[in-house]
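what's the 3D shape of this:
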Amino acid sequence: MQFRFYALISRMRYITRWGLMRNTFSENIAEHSHMVAVLAHSLALIRRDILGLEADPERCAAAALYHDASEILTGDLPTPIKYYNPAIKAAYKQVERVSGEKLLAMLPAELRPSMAPYLFEDDPASHDIVKAADKLSAHIKCIEELKAGNAEFESAARQTRKALEEMRLPELDWFLAHCLDSFSLNLDELE
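Here you go, the predicted structure:
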């Protein structure tokens, strides 16, 4: 029997994000998921190693890799629609759940219990960190677009920054204070 889960995961590169915006450079969900995994791992390291709080960086990174896997089957629904009202948000969450169940069924039965928390984003140990990393990745995309002269992302940059600040996660606050400004620098300035 052939298990198609991994072949579908490899197709994340075909799902483009920010579909309603004029982009200087496109971003797909594979690239986005990679960055979210890097950021989630980093936020968990900050929480554990700098702030001395409980965190599992590897679990957070793995959860982040799969956090948008359902979009392989659903596509990326733009945020203004996804969160337009509670009924649409609840319906879309159900669509994501069905998509996750379909993906999970494409794995060997022995792997399903281990993968389910990642596909359904219901791992309590990593949930808040992955959510913060996801929003942080969106904000970094806005910073990079603004750096490239794309004023289309000004409003999104303000909204994502406000959302990050409202999360009130100490590891995220630490990252915002000590790492975020670097994303507006060019390569020469980074070195």
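
any idea how far residue 145 lies from residue 100?
Distance check for residue 145 against residue 100: by C-beta to C-beta, to the nearest Å, it reads 30 Å. Quick note: C-beta positions are derived from backbone N, CA and C, even for glycine.

over to residue 3?
Distance from residue 3 to residue 100, counting by C-beta to C-beta: 16 Å.

comparing those two, which residue is more hemmed in?
Higher neighbour count among residue 3 and residue 100: residue 100, with 22 against 11, using other C-beta atoms under 10 Å.

what comes up buried for the strand or helix carrying the more buried one?
According to DSSP states H and E, residue 100 maps onto helix 86-104. Of all the residues in helix 86-104, those buried under the rule 16 or more other C-beta atoms under 10 Å are 92, 96, 99, 100, 103, 104.

now do stretch 161-176
Across stretch 161-176, burial judged by 16+ other C-beta under 10 Å covers 161, 164, 169, 171, 172, 173, 175, 176.

run a quick neighbour tally on residue 179.
14.

if we can go back for a sec, which one of the buried residues of stretch 161-176 is nearest to residue 72?
Distances from residue 72 to those, taken as C-beta to C-beta, are shortest for residue 164 (26.7 Å).

who touches stretch 184-191?
Identification of contacts with stretch 184-191 by C-beta atoms under 8 Å, 6 or more residues apart in numbering yields 143, 146, 147, 182.

now do that stretch: distance from first to last residue.
Stretch 184-191 has an end-to-end distance of 13 Å (C-alpha to C-alpha, to the nearest Å).
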